[in-house]
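Peer 1: just the structure for this:
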Amino acid sequence: MFGLLLVLHILAAIAIIGPAFVTPIIRRSARTIGQLRFAFGVTTKLAIIPKIGGAVLIITGVWLMIITKMGLSQMWLNVSILLSLLMVVIIDGLIAPRMKKIIKIVSESQDQGNEIPAELVLLMKRIVPIETAAQLLMITILVLMVVKPF
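Peer 2: Next up, the predicted model:
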């Protein structure tokens with residue numbers, strides 16, 4: 001049972017981490033409004049994967065803690081949980097509202113083939129440091145889960 005839960009836990013982590021690293025790349029590769037609209041369509045459809053993965057990750061993580069009788073006795077686990085909560089706050093509280101604003105502007109734009117307006121490019125560039133922080137948190141959490149340093 002432990003092995004199956006661990007595999008599901010790892011797959012759930014991949015389901016979260018994969019889209020978090022790929023969607024910004026897809027979005028940043030767009031050069032026209034039409035391409036950006038398409039990129040947002042793709043990334044919006046991909047957004048369901050981390051949501052499902054997050055639920056599975058929490059369920060399997062708690063289950064693994066129960067099976068191993070580890071609870072919250074390990075510092076690496078406590079730090080990982082706290083960093084995960086911080087990551088959720090960053091994604092849902094800082095990135096998502098900004099992305100909704102950008103998506104709204106793009107969806108209301110009538111141009112298909114024209115270059116992305118400078119104001120939109122600026123709004124998208126402002127998200128990059130926040131996305132980078134979330135990605136670094138994900139890497140840190142992954143390292144903590146694998147190495148279990150303390």
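Peer 1: next, count neighbours for Leu122.
Peer 2: Neighbourhood size, Leu122 [other Cβ atoms under 10 Å]: 9. Just so you know, the C-beta spots here come from the backbone N, C-alpha and C atoms, and that holds for glycine as well.
Peer 1: for it, give its distance to Arg31.
Peer 2: Going from Leu122 to Arg31 by Cβ to Cβ, to the nearest Å gives 16 Å.
Peer 1: cool, and Val89?
Peer 2: The gap separating Val89 from Arg31 is 32 Å, by Cβ to Cβ.
Peer 1: so which residue is dead centre in the chain?
Peer 2: Central residue check for the chain by Cα atoms, centre = their mean: the C-alpha nearest the mean position is that of Ala20, 3.6 Å away.
Peer 1: looking at this, that residue is in a helix?
Peer 2: Yes - under DSSP: H, G, I helix; E, B strand; the rest coil, Ala20 sits within a helix.
Peer 1: confidence score at it?
Peer 2: What the model reports as pLDDT for Ala20 is 88.
Peer 1: in the helix or strand hosting Pro24, what's buried?
Peer 2: Using DSSP states H and E, Pro24 sits in helix 2-28. Going by neighbour count (16 or more other Cβ atoms under 10 Å), the buried part of helix 2-28 is 5, 8-9, 12-13, 15-17, 19-20, 23-24, 26-27.
Peer 1: quick one: which of those is nearest Ala134?
Peer 2: Nearest to Ala134 out of the buried residues of helix 2-28 is Ala20 (Cβ to Cβ; 6.7 Å).
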